[in-house]
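Asks: can you look at this prediction? I've put the sequence above it.
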Amino acid sequence: MSILTPIAPQFATTGPTTIESKGSNMFYDADGNVMFTIEKKGVTVSGRIVIRDAESSHVGHIRKKKTSMIGRQLTYYLGTNRYDKIGAIKATEETTSIDKCDCNIYLNDALVGETRGNWATKSFEIFIGGDVVAEIFRSVFTAKDGFCIKIEKSGVDTAFILMIVMALGEIFGKKHDDDMSSSIQHKMLLSKERARSEG
């Protein structure tokens with residue numbers, strides 16, 4: 001198993017490739033065709049999320065680490081129909097910040113890569129074997145809540161990269177939402193206090 005194509009070798013890039021989320025559960029190729037669909041089955045113990053191809057076939061999935069069921073999850077496993085766990089994404093710190101998404105990437109318990117950047121702004125990079133293999137970003141044309149995944153290198157499993165991004169969203173996304181909600185509530189309280197003191 002190559003560290004660049006551990007999930008679905010049939011989706012290995014043949015050159016620079018960009019796929020885009022338009023704020024929905026679908027990812028599109030450069031021609032606007034649906035390439036992958038993200039399937040979340042409500043609230044489950046495992047937090048399982050399935051990635052399907054354009055024909056609705058199961059390509060891969062991510063799920064929570066089962067040994068820790070309370071609190072925010074810092075580890076997500078990557079798997080396929082054949083193997084439930086072939087890799088993992090683990091946050092590098094016990095407490096994560098909304099302005100970073102630093103994680104280690106494992107395949108069969110071996111450290112093969114890392115992610116570095118900012119989840120809140122969707123601006124980060126994925127490293128495999130010490131090389132940058134994917135860049136996640138937003139452009140002026142990106143839909144609200146959407147983002148792009150750009151893979152420059154040939155021979156990189158697009159599904160594998162997407163699963164890494166989905167795992168980061170589960171680890172850091174809720175933290176971002178919670179912090180944003182707390183920030184809004186804090187500002188509302190300050191506004192009320194200010195109005196009260198001025199009145």
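Replies: Great, that's in hand. Keep in mind it's a predicted model, so treat the numbers as computed, not measured. Numbers count the residues shown, from 1 in each chain.

Asks: please count neighbours and contacts with C-alpha atoms only from this point.
Replies: OK.

Asks: tell me the confidence at residue 3?
Replies: On pLDDT, residue 3 comes in at 88.

Asks: ok, now residue 121?
Replies: Note on residue 121: pLDDT of 89.

Asks: mind listing what it touches?
Replies: Residue 121 sits next to 99, 137, 138 when contact means C-alpha atoms under 8 Å, 6 or more residues apart in numbering.

Asks: among those residues, the buried ones, what's the ChimeraX command?
Replies: In ChimeraX, this line selects whichever of the contacts of residue 121 come out buried by 16 or more other C-alpha atoms under 10 Å:
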select :137,138
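
Asks: okay, and the residue positioned nearest the centre of the chain sits in which element?
Replies: Taking C-alpha atoms, centre = their mean, the centroid of the chain lies closest to residue 165, which sits 2.2 Å from it. Using DSSP states H and E, residue 165 sits within helix 158-198.

Asks: what pairs with the strand ranked longest in the chain, parallel or antiparallel?
Replies: Identified as the longest strand of the chain according to DSSP state E is strand 110-118. Strand pairing for strand 110-118, using DSSP bridges, gives strand 103-107 (antiparallel), strand 123-128 (antiparallel).

Asks: now residue 87: how far from residue 80?
Replies: In this view, residue 87 and residue 80 are 10 Å apart by C-alpha to C-alpha, to the nearest Å.

Asks: whoops, I mixed them up, residue 34
Replies: Using C-alpha to C-alpha, we find residue 34 at a distance of 20 Å from residue 80.

Asks: ok, now residue 155?
Replies: For residue 155 relative to residue 80 (C-alpha to C-alpha), the value is 19 Å.

Asks: next: residue 6.
Replies: Using C-alpha to C-alpha, residue 6 is found at 10 Å from residue 80.

Asks: so where's the protein shaky on pLDDT?
Replies: The chain contains residues with pLDDT under 70 at 1, 42-45, 66-73, 94-98, 174-199.

Asks: 80 instead?
Replies: Across the chain, the ranges flagged by pLDDT under 80 are 1, 23-24, 41-46, 66-73, 93-99, 139-145, 174-199.

Asks: kindly reformat the strands paired with strand 110-118 as CSV containing distance to residue 38 and mean neighbour count.
Replies: Formatted as CSV, the strands paired with strand 110-118 follow (distance: least, C-alpha to C-alpha, whole Å; neighbours: other C-alpha atoms under 10 Å):
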stretch, distance to residue 38, mean neighbour count
strand 103-107, 21, 21
strand 123-128, 20, 20
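
Asks: who's in contact with the longest strand of the chain?
Replies: Applying C-alpha under 8 Å, 6+ apart, the external contacts of strand 110-118 come out as 3, 98-106, 123-130.

Asks: which residue comes closest to residue 79 once chain neighbours are left out?
Replies: Distances taken as C-alpha to C-alpha, 6 or more residues apart in numbering put residue 85 closest to residue 79, at 4.5 Å, once the chain neighbours are dropped.

Asks: if I've got this straight, that neighbour is in a strand?
Replies: No - Residue 85 is assigned coil when assessed by DSSP: H, G, I helix; E, B strand; the rest coil, not a strand.

Asks: lovely, talk soon.
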